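Trainee: Quick one: sequence and predicted model below, then my questions.
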Amino acid sequence: MALLDMAQQYLGQNEVGQISQQLGVNPAVAQSAIAAALPMILGGMAKHASQPDGAAAIQQAASAHESVTDDVSSVLQGSALADVAPGGAGGGAGGLLGRIFGQHRDTVQEGVQQASGLDPEKAKKLLVMLSPIVLGVLARRQFGGQPAAQADPGQVAGALRQEAQTAQRQSPHVGGLLGKLLDAAESRGA
């Protein structure tokens, strides 16, 4: 099963309801935004993992989020409290989004905005809510019970690239945006 499908399994009706409340949108809009954001998160992580130290940063973030999938509802509540202002949990270079997307954070956020129709702050908030879930699923899938910190960063990069390509095929509504994100990494040799 693809990582994208696994992440979707943790986002049932209750979780979508929580996300819609936090974003101030109806559940149908939230579901559509989630469907746009998950592939872009994978693409951003894959692009960052293809660069020096990017895979190691993602590996460390996944290790820190290994238990997230045990209680997704609590994670979503906690992310509502996260400061997504520049320099906060989701904004600055030291924040979660900076660690897992690197210099591609803005590209991922813009892709989510374009594909979902959310305004910039809501798109960033959605990324802050969903990224820990994707990292938790990555840790469970990729590291299969062994500590994520012991995994080979090269394997993490390869797995993310493959998952992002699968997500691109499975998500035609964001496939073009995701393709541009992934192709930009290849064209620069990253």
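Mentor: Sure thing, it's come through.

Trainee: what does stretch 55-69 contact?
Mentor: Taking contacts as CB atoms under 8 Å, 6 or more residues apart in numbering, the residues outside stretch 55-69 that touch it are 10, 45, 48-49, 75, 96, 99-100, 102, 132-133, 135-140, 142-143, 147-149, 151, 153-154, 156-157, 160. Every residue, glycine included, has its C-beta placed from N, CA and C.

Trainee: Just the buried subset of those residues, please.
Mentor: For the contacts of stretch 55-69, a neighbour count by 16 or more other CB atoms under 10 Å gives the buried set as 10, 45, 48-49, 75, 96, 99-100, 102, 132-133, 135-140, 142-143, 148, 151, 153, 156-157, 160.

Trainee: Among the residues you listed, name the ones in helices.
Mentor: In this view, those that belong to helices under DSSP state H are 45, 48-49, 75, 96, 99-100, 132-133, 135-140, 142-143, 153, 156-157, 160.

Trainee: in stretch 65-78, what counts as buried?
Mentor: Neighbour count says stretch 65-78 has His65, Glu66, Val68, Thr69, Val72, Val75, Leu76 buried, by 16+ other CB under 10 Å.

Trainee: Please list all residues in contact with the residue nearest the centre of the chain.
Mentor: When CA atoms, centre = their mean is applied to the chain, the residue found nearest the centroid is Ile41 (3.1 Å). Contact analysis of Ile41 by CB under 8 Å, 6+ apart lists Ile100, Val108, Leu127, Leu130, Ser131, Val134.

Trainee: Do a quick rundown of the helices in the protein.
Mentor: Using DSSP H, helices in the chain cover 3-9, 13-23, 27-49, 54-64, 72-81, 96-101, 105-116, 120-143, 153-170, 172-187.

Trainee: any chance of those helices in CSV, with mean pLDDT too?
Mentor: Output for those, formatted as CSV (pLDDT from 0 to 100):
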stretch, mean pLDDT
helix 3-9, 92
helix 13-23, 95
helix 27-49, 93
helix 54-64, 90
helix 72-81, 79
helix 96-101, 91
helix 105-116, 91
helix 120-143, 91
helix 153-170, 86
helix 172-187, 67
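
Trainee: Roughly how far does Ser32 sit from Gln162?
Mentor: Shown here: Ser32 relative to Gln162, a distance of 26 Å by CB to CB, to the nearest Å.

Trainee: neighbour-wise, which of the two wins?
Mentor: Neighbour count, other CB atoms under 10 Å: between Ser32 and Gln162, Ser32 has more, with 17 against 13.

Trainee: one step back: among the buried residues of stretch 65-78, which two are most distant?
Mentor: The largest separation in the buried residues of stretch 65-78, counting by CB to CB, is between Glu66 and Leu76 at 17.2 Å.

Trainee: From Gln168, how far out is the closest residue to Gln114 other than its chain neighbours?
Mentor: In this structure, Gln114 finds its nearest non-sequential neighbour in Leu177, 6.1 Å apart by CB to CB, 6 or more residues apart in numbering. Separation of Leu177 from Gln168 (CB to CB) stands at 9 Å.
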